[in-house]
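*Asks:* Next come a sequence and a model predicted from it.
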Amino acid sequence: AELKARVNDLAAAASLGARSWAAVAGASATSGTPPSQPHASRPNLAPGDVPNVTVDISRADREHGRMSAGTVRAAVEKEMRTMESHGNWRCRAVTADHATQSRIRIACRDKDKHKLVKKAAEKISAGSRVLRNKLFLVKVNNIKRTAVLNKKDKSRAGAIEAFSRENRIIVAKIVWLSKRDVLKAYRSIVVYITKKSNARRLVAEGYFHTSRESGTTSAFKH
């Protein structure tokens, strides 16, 4: 009986040790990288929502020697490290476009870093150029004219900011689809949106809000 009790004690101790190790391992797995790492608090974003800078190196290949994703990364990191508080800068990720190897995408951690990386990328080579950010288009029908245009048929001041707040998105541009001299109270617009997921959400929900009214949404077809 005494031997059996000793075996039971050892088994319990081993079980406790295993649980303790699992708890420690689990805590380590969820703790992530140390706070000193720049990507420690990086949010999980859908691929289409990751802010990125696209550099076209097609002209640089011909005029300034061979460039690649690696050389672009090295040049951007070198330029970033000259900025205050970025002496140890490393790019989050740099990839070549699968369709054309002459377009290099630099993934950024957030919108603030996107602005800095874009500024750095514009300086890396006289033969390369930073392309405009990709925008996602949504068509909105039955929008009140006065919500978009002022009395002079110009874009109403503050409309983009207001629409961004009301729809919880970032609107980059609005286009009134009808001729502006055709005085109709309600027409369609195209909304240029910065995030793919937001554009999909608006189409799925079926509505776009403008002041106290809403228009119906659909995917814009060129």
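*Replies:* Received it, and whenever you're ready, just let me know what you need.
*Asks:* what does the domain assignment say about the chain?
*Replies:* 52-131, 136-219 (the TED database).
*Asks:* Using JSON lines, lay out these together with mean pLDDT and mean neighbour count.
*Replies:* All C-beta atoms are positioned from the backbone trio N, CA, C, and that covers glycine. Formatted as JSON lines, the domains of the chain follow (pLDDT from 0 to 100; neighbours: other Cβ atoms under 10 Å):
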{"stretch": "domain 52-131", "mean pLDDT": "87", "mean neighbour count": "16"}
{"stretch": "domain 136-219", "mean pLDDT": "92", "mean neighbour count": "16"}
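*Asks:* Let me see the backbone angles for Ile57.
*Replies:* Main-chain dihedrals, Ile57, degrees, to the nearest 10: phi -110, psi 10.
*Asks:* show me the contacts for the closest residue to it other than its chain neighbours.
*Replies:* When the adjacent residues along the chain are set aside, Ile57 lies closest to Met67, with 4.4 Å between them (Cβ to Cβ, 6 or more residues apart in numbering). When contacts are counted by Cβ atoms under 8 Å, 6 or more residues apart in numbering, Met67 is found next to Ile57, Ala60, Asp61, Ser125, Gly127, Ser128.
*Asks:* what are the phi and psi angles of Met67?
*Replies:* Taking degrees, to the nearest 10, you get phi -120, psi 160 for the backbone angles of Met67.
*Asks:* before we move on, what about Asn198?
*Replies:* In terms of degrees, to the nearest 10, the main-chain angles of Asn198 are phi -70, psi -40.
*Asks:* Nearest residue to it in space, ignoring adjacent ones along the chain?
*Replies:* With Cβ to Cβ, 6+ apart as the measure, Ile169 is the residue that lies nearest to Asn198, at 4.2 Å, once sequence neighbours are left out.
*Asks:* ok, now which ones touch the one you found?
*Replies:* Contacts here follow Cβ under 8 Å, 6+ apart; on that basis Ile169 touches Ile193, Thr194, Lys195, Asn198, Leu202.
*Asks:* wait, the second one sits on Asn133?
*Replies:* This means Thr194. Yes. Using Cβ atoms under 8 Å, Thr194 makes contact with Asn133 at a distance of 7.1 Å.
*Asks:* re the thing from before, kindly provide the distance from the residue nearest to Asn198 to Asn150.
*Replies:* Counting by Cβ to Cβ, to the nearest Å, the gap from Ile169 to Asn150 is 23 Å.
*Asks:* And for Lys144?
*Replies:* Following Cβ to Cβ, the distance that separates Lys144 from Asn150 is 13 Å.
*Asks:* Cool, thanks, signing off.
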